[in-house]
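Visitor: My questions concern the predicted model and sequence given below.
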Amino acid sequence: MHQTDIFYKDDLVTGFINSFSLGGVAGNALIIPNKHFEHIYELPAEYGHRVFEVLQKTAIAMRQTYQCNGITTLQCNEPAGWQHAFHYHHHAMQRYTDDDFMNKMSAKAIVPKEEKATFAARLKEAILAA
């Protein structure tokens, strides 16, 4: 089965559309290492470098594709640091002027698979065009 929410994949990392809208905005992305690391404390530098490279490409693609006013990136470690999925992951979230994102951050809604596939296709096209 082909996973339609993936917009980037190489030997070290995968980029895909989050299953949840965060801050009331669907289409935000996650960059994860393909190998399991629970948090940043054990993430090898080669994976960290690649995560950042793909995160930057994703942020640029999001600005162009979503016509947003900014990007927020977020990476959390341990429950006290808001980590909720215990596999290292880095969020890229599109932001809009006056989007009230921080007040809506705890509001999560599931994003339909078809909608995730559309967001992924748009980001993949922008990354490949860069």
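Guide: It's in.

Visitor: immediately after the lowest-mean-pLDDT helix or strand in the chain, which helix or strand?
Guide: The helix or strand of the chain with the poorest confidence is helix 101-104; it has a mean of 74 (mean pLDDT, DSSP states H and E). Using DSSP states H and E, the helix or strand that follows helix 101-104 in sequence is strand 109-110.

Visitor: any residues touching the helix or strand following that following strand, and which ones?
Guide: Of the helices and strands lying after strand 109-110 in sequence (DSSP H and E), the nearest is helix 113-129. Applying Cβ atoms under 8 Å, 6 or more residues apart in numbering, the contact partners of helix 113-129 are 4-8, 15-19, 26-27, 29, 57-58, 60-62, 64-66. For the C-beta atoms, the positions are set from N, CA and C on the backbone; glycine is no exception.

Visitor: Quick check: mean pLDDT of stretch 65-72?
Guide: This predicted structure assigns stretch 65-72 an average pLDDT of 95.
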